[in-house]
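J.: Requesting a structural model of the entry that follows:
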Amino acid sequence: MTLRLALVASFAAAAFAAGSAFALNQNIPKAGLPSASEFSGQVLIERPDVVSWKTLAQVETVKQGSRMVPQFAKPILALDRKDARVQGFMIPLDMGDRQKHFLVSAVPPHCSFCLPAGPEAVVEVFAKEPVGYTLDPIVLSGKFAVQKDDPNGVLYRLHDAAQVEVAKVSPGAPPGFVPRAIPQN
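T.: As a prediction, this is how the structure comes out:
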């Protein structure tokens, strides 16, 4: 299955799961749920040395001829081909406890088969060396790439990435949010 098909299947499954969860959850604020970038700001501590998910959310889809293409804000375009750090939650693309190709999301995954956010809140990662799988948020460093015309719908990539540290969860994280570390053997 190509990454694009996996992403499309994940989005469809996420929409179905989200619809089911919303029907059961009576605690949704009247104003609606926050965007992934807003929720990330509640879960992870914003840091000046890490690209903010709020910055990466500054992208629109516009019609160009007969196609829909991303239109990125200047702060995003300034990151292209530069060394950068991102923080978020690992979503593995392969089996195993060490991942060399995976996604990092602004928000924690809630389902093994679903992406928890849209393409503006996900970075595809190609690591130099395999990174240990964890449910804790991580900080990665690498060469950031803005994908202006990716056939798979990916907006952001991090190449030659390495895990720098475990990210800190905000003390104001929503009640019940507790990262669950995977025991190391």
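
J.: Please enumerate residues in contact with the helix or strand where Glu165 lies?
T.: Using DSSP states H and E, Glu165 sits in strand 156-166. For strand 156-166, contacts defined as CB atoms under 8 Å, 6 or more residues apart in numbering pick out 56, 84-86, 104, 122-129, 131-132, 134, 136-147. For the C-beta atoms, the positions are set from N, CA and C on the backbone; glycine is no exception.

J.: and these, which of them are in helices?
T.: Secondary structure from DSSP state H places Leu56 of the contacts of strand 156-166 in helices.

J.: which among the contacts of strand 156-166 end up buried?
T.: Those of the contacts of strand 156-166 that meet the buried threshold are 56, 84-86, 104, 122-125, 127, 131, 134, 137-142, 144-147, by 16 or more other CB atoms under 10 Å.

J.: Which residue ranges of the chain form strands?
T.: Applying DSSP state E to the chain gives strands spanning 59-64, 67-72, 82-92, 98-105, 122-132, 138-146, 156-166.

J.: confidence score at the residue nearest the centre of the chain?
T.: Centroid check for the chain by CA atoms, centre = their mean gives Ser105 as the closest residue, at 1.7 Å. Looking at Ser105, its pLDDT reads 93.
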